[in-house]
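**Student:** prediction below, plus the sequence it came from.
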Amino acid sequence: MALPAHAATLDIAPDGAPEPVFTWKTEACEPWDVPDAPARAWRGADGDVHLLASHHRARLMSGPNLDTLRHDCRVVFEAAHDPAPEHVNDRGWLVSPYTLDGQTIHALVHNEFHGHTRPALCPSKRYASCWWNSITATVSTDGGQSFGPPRFVAGLPYPYQGDLGHRAGLFSPSSVVARQGWYYAMLFAEGFGAQKRGVCVMRTRTLADPASWRAWDGTGFNVPFTQSTDNPELHVCAPLPRLFGTVTSLVRHRESGLYVALMQGGKPGGVWAATSSDLTTWSEPRLVWQAPAAFAPDCGQRFAYDYPSLLDPSSPSRNFEDIGETAFLYLTRLALDGCKPGTERDLVRLPVTIRQTPSSTKSPSH
């Protein structure tokens with residue numbers, strides 16, 4: 001049975017060349033101070049705008065607006081490198097902040113357990129072979145200047161599996177958006193056991209309670225997450241049709257009310273956007289900007305790109321969770337040494353225009 005298609009979708013088109021936001025050669029505080037996650041931003045109680053796009057030692061860029069930001073070397077979040085996988089506190093990427101008042105900042109964390117650094121758990125010592133991922137939550141009560149220890153939000157309903165030969169878990173929460181009293185985020189699931197591979201969506205009414213998030217099961221938001229259970233099939237999310245890769249950005253278009261999910265990949269390679277009116281039924285993705293991706297670089301090119309995100313400097317939202325007729329597409333630009341990216345990674349942005357158009361039936365190949 002075919003899924004219903006939207007009567008209208010959005011055409012998002014580049015309207016200029018990339019410009020620098022953060023330049024690694026001149027602004028990095030250490031070699032791995034790189035934009036290794038999609039750009040997110042919020043307006044603080046202090047009146048400044050704070051932008052987050054960091055590695056697992058998280059730092060902020062702050063300033064009066066998105067056009068004027070200064071990179072701060074202070075580390076605001078770093079997980080504890082805890083060797084116990086069940087503690088979900090090994091390496092954490094602070095990726096999904098949300099605040100109601102600019103002072104208390106709730107955030108979702110992409111949490112990686114690096115089994116390859118613990119030979120007793122990972123005989124192969126290979127990063128991807130023993131990579132176990134989950135989503136955690138942390139909170140700041142000082143406007144984002146420091147964040148507390150992470151707590152479990154979402155993961156596979158199995159204990160750590162060790163040397164699987166491939167990565168497993170739940171990955172890369174999107175930006176958080178509010179809708180009808182709920183807070184929503186997308187995440188990517190790698191198939192393992194009862195969990196199917198694909199993009200999932202979860203929601204909560206209470207950002208302060210990490211255990212309150214529930215995932216979509218195909219008919220409703222009924223899935224509680226756990227780290228280990230005798231009934232794993234009751235604790236896995238249902239992947240959403242049409243979405244083919246990690247959703248790196250989730251925003252709402254003010255004029256149409258449609259939600260926009262950005263992904264990277266497909267054929268041709270580049271940044272793709274899908275739209276939805278309810279966050280569970282999505283349009284076919286449309287190509288926004290064609291460019292080589294970091295995970296499939298064109299060896300003849302100077303740069304590859306990753307972590308696309310849409311931010312509108314004129315958004316009335318404290319969390320920049322909506323866009324108008326214009327916005328900026330933020331990306332990490334990775335300098336290539338042959339086919340391999342190194343630490344030289346800049347945050348860039350390019351202007352885009354957004355307009356409503358009839359729905360497309362053409363989908364990307366993957």
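**Tutor:** Structure's in. What do you need?
**Student:** helices along this structure, start to end?
**Tutor:** In the chain, the segments counted as helices under DSSP state H are 24-27.
**Student:** what residue spans form the domains of it?
**Tutor:** Using automatic domain parsing, the domain parsing of the chain gives 1-35+248-358, 76-241.
**Student:** looking at those, which is closest to Ala45?
**Tutor:** Proximity to Ala45 (C-beta to C-beta) singles out domain 76-241 among the domains of the chain, at 3.5 Å. All C-beta spots, glycine's among them, are computed from the backbone N, C-alpha and C.
**Student:** span of that closest one from start to end?
**Tutor:** Using C-alpha to C-alpha, to the nearest Å, the end-to-end distance of domain 76-241 comes to 36 Å.
**Student:** then stretch 312-324?
**Tutor:** Stretch 312-324: ends 7 Å apart by C-alpha to C-alpha.
**Student:** tell me the buried residues in that stretch?
**Tutor:** Within stretch 312-324, the residues that count as buried by 16 or more other C-beta atoms under 10 Å are 312, 315, 317-323.
**Student:** also stretch 284-293?
**Tutor:** 284-289, 291-293.
**Student:** please apply the same query to stretch 76-94.
**Tutor:** Buried positions in stretch 76-94, judged by neighbour count with 16+ other C-beta under 10 Å: 76-77, 79, 85, 87-94.
**Student:** hmm, Trp282 is touching Val247, no?
**Tutor:** No - look at Trp282 against Val247 with C-beta atoms under 8 Å: they stay out of range, at 9.7 Å.
**Student:** which residues do these two both contact?
**Tutor:** Applying C-beta atoms under 8 Å, 6 or more residues apart in numbering, one finds that Trp282 and Val247 are jointly contacted by Ala261.
**Student:** nearest to Asp46, of the domains of the chain?
**Tutor:** domain 76-241 (5.9 Å).
**Student:** now do the residue lying farthest from the centre of the chain against Pro285, distance only.
**Tutor:** Most distant from the centre of the chain: Ala120, at 31.1 Å, with distances by C-alpha atoms, centre = their mean. Distance, Ala120 to Pro285, by C-beta to C-beta, to the nearest Å: 42 Å.
**Student:** got it, and Pro97?
**Tutor:** 26 Å.
**Student:** got it, and Leu52?
**Tutor:** Going from Leu52 to Pro285 by C-beta to C-beta gives 25 Å.
**Student:** same check on Arg197?
**Tutor:** Look at Arg197 and Pro285: by C-beta to C-beta, they are 17 Å apart.
**Student:** please enumerate the strands of the stretch 51-200 of the chain.
**Tutor:** Along the stretch 51-200 of the chain, the segments classed as strands by DSSP state E, counting those that start in this stretch run 60-65, 68-71, 91-99, 105-114, 131-140, 151-154, 168-171, 177-179, 182-190, 198-204.
**Student:** turn those strands into TSV, including distance to Arg302.
**Tutor:** Shown next, in TSV, are these (distance: least, C-beta to C-beta, whole Å):
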stretch	distance to Arg302
strand 60-65	25
strand 68-71	23
strand 91-99	26
strand 105-114	28
strand 131-140	29
strand 151-154	37
strand 168-171	28
strand 177-179	35
strand 182-190	28
strand 198-204	31
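**Student:** can I get these in a markdown table including mean pLDDT?
**Tutor:** Shown next, in a markdown table, are the strands of the stretch 51-200 of the chain (pLDDT from 0 to 100):
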| stretch | mean pLDDT |
| --- | --- |
| strand 60-65 | 99 |
| strand 68-71 | 98 |
| strand 91-99 | 99 |
| strand 105-114 | 98 |
| strand 131-140 | 98 |
| strand 151-154 | 99 |
| strand 168-171 | 98 |
| strand 177-179 | 99 |
| strand 182-190 | 99 |
| strand 198-204 | 99 |
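**Student:** dump the buried residues of stretch 312-324 into JSON lines; add pLDDT and distance to Arg126 as well.
**Tutor:** Shown next, in JSON lines, are those (pLDDT from 0 to 100; distance: C-beta to C-beta, whole Å):
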{"residue": "Asp312", "pLDDT": "99", "distance to Arg126": "41"}
{"residue": "Ser315", "pLDDT": "98", "distance to Arg126": "42"}
{"residue": "Ser317", "pLDDT": "98", "distance to Arg126": "42"}
{"residue": "Arg318", "pLDDT": "99", "distance to Arg126": "42"}
{"residue": "Asn319", "pLDDT": "99", "distance to Arg126": "38"}
{"residue": "Phe320", "pLDDT": "99", "distance to Arg126": "38"}
{"residue": "Glu321", "pLDDT": "98", "distance to Arg126": "38"}
{"residue": "Asp322", "pLDDT": "99", "distance to Arg126": "42"}
{"residue": "Ile323", "pLDDT": "99", "distance to Arg126": "40"}
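**Student:** then the lowest-mean-pLDDT helix or strand in the chain to CSV, C-alphas only?
**Tutor:** Here the helix or strand of the chain ranked lowest by mean pLDDT, DSSP states H and E is strand 8-14, holding a mean of 92. The C-alpha coordinates for strand 8-14 follow below in CSV (Å, rounded to 0.1, in the frame of the first residue of the first chain):
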residue,chain,number,x,y,z
ALA,A,8,2.8,20.5,-1.4
THR,A,9,6.4,20.5,-0.3
LEU,A,10,9.2,23.0,-0.1
ASP,A,11,11.9,23.9,-2.6
ILE,A,12,15.1,24.9,-0.8
ALA,A,13,17.7,26.4,-3.1
PRO,A,14,21.2,27.9,-2.5
